[in-house]
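Visitor: quick one, fold the following:
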Amino acid sequence: MRTFEYRLYPTRAQRQQLMASQTESRAVYNEMLAALKAQYCADGTFPSKYDLTGRFKGHGSEQVPATTVQTLADRLSKALKRYLQRKDLGLPRSFPRFQTPNRWHSIQLRQYAVGRDVWLDKDGTHLHVPAQVGRLLKIKMHRRLDGTPMTAHLVLRADGHWYALIVCQTPPQDAFGEAHPAQSAWAARSVLVTAASRRAIAARKPNARWPRSTSKLSGSAATSTSRRPNSTQSATAASAWKT
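Guide: Predicted structure coming up:
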């Protein structure tokens, strides 16, 4: 999986919609957590992801997309699952907490596909989103997507700007950054081309200019050996001749 981040340029009305959806989604999450704790105190069990989704279906529908409510239930269920796993292993753990405004900065859109929750238009200048969060957001694509887009997050950064984080599924890679050959035909062709290129480089003849550079070095070395001796060497030779 790879995540690509792009800057969004919402209008003033769209920015208000995004802020309202972010605030309401946090409220729905906290209500889910309160219901989870209440059920555990009542009968010692936890509601499943599907129980939470059914119980909170339609909550905040004016500001929060329906699929976002599903992702909130999934997020809480995963947090609870991690807590229980670490508890069984005796590792340090923390029970899911109620979220405060300074800890809640994103809106997840579940499915990336044309006609679904989120998708890019053909020219790549606008991002289609549910009507609760602006319907059509201007986006700056500074680089192309790599892989198959799966989901997206609308994130408010500390600089006050909104960004779209698009999560793409990419072929698994080995330690050298190359795709595994068994994943797809495209990956297999890439590996074959890379192997062929390496064999071609290994079989390539030495550079024709190398002997010429060697001869130059030999000539310079020969020239250095036939240089005129310095004054110290001349004085030593003269004293030896007198004796």
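
Visitor: just the mean pLDDT for the lengthiest helix in the chain, thanks.
Guide: Counting by DSSP state H, the longest helix found in the chain is helix 12-43. Computed over helix 12-43, the mean pLDDT rounds to 94.

Visitor: for that helix, name the packing helices and strands.
Guide: helix 49-55, helix 66-88, strand 106-109, strand 148-156 (3 or more CB pairs under 8 Å, 6 or more residues apart in numbering; DSSP states H and E). Quick note: C-beta positions are derived from backbone N, CA and C, even for glycine.

Visitor: what about 6 Å?
Guide: The contact analysis (3 or more CB pairs under 6 Å, 6 or more residues apart in numbering; DSSP states H and E) places helix 12-43 against helix 66-88, strand 106-109.

Visitor: domains of the chain?
Guide: Per automatic domain parsing, the domain ranges recorded for the chain read 2-169, 171-206.

Visitor: got those domains as a markdown table, with mean neighbour count columns?
Guide: Shown next, in a markdown table, are those (neighbours: other CB atoms under 10 Å):
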| stretch | mean neighbour count |
| --- | --- |
| domain 2-169 | 16 |
| domain 171-206 | 11 |
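
Visitor: least confident of those, on average?
Guide: domain 171-206 (a mean of 57).

Visitor: where does residue 168 fall, phi/psi-wise?
Guide: phi -120, psi 140 (degrees, to the nearest 10).

Visitor: what are the bridge partners for it, then?
Guide: On the basis of DSSP bridges, residue 168 is bridged to residue 2, residue 149.

Visitor: so which of the helices and strands packed on helix 12-43 is nearest residue 148?
Guide: With CB to CB, the closest approach to residue 148 among the helices and strands packed on helix 12-43 belongs to strand 106-109: 15.7 Å.

Visitor: and the contacts of the closest one?
Guide: Contact partners of strand 106-109, identified using CB atoms under 6 Å, 6 or more residues apart in numbering, comprise 21, 22, 25, 68, 71, 117, 118, 152, 153, 154, 155.

Visitor: cool, stretch 28-37 as well?
Guide: For stretch 28-37, using CB under 6 Å, 6+ apart, the contacting residues are 47, 52, 59, 60, 72, 76, 96, 98, 99.

Visitor: export those as JSON lines, with columns for distance to residue 37.
Guide: Output for the contacts of stretch 28-37, formatted as JSON lines (distance: CB to CB, whole Å):
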{"residue": "47", "distance to residue 37": "10"}
{"residue": "52", "distance to residue 37": "12"}
{"residue": "59", "distance to residue 37": "17"}
{"residue": "60", "distance to residue 37": "20"}
{"residue": "72", "distance to residue 37": "16"}
{"residue": "76", "distance to residue 37": "11"}
{"residue": "96", "distance to residue 37": "9"}
{"residue": "98", "distance to residue 37": "10"}
{"residue": "99", "distance to residue 37": "14"}
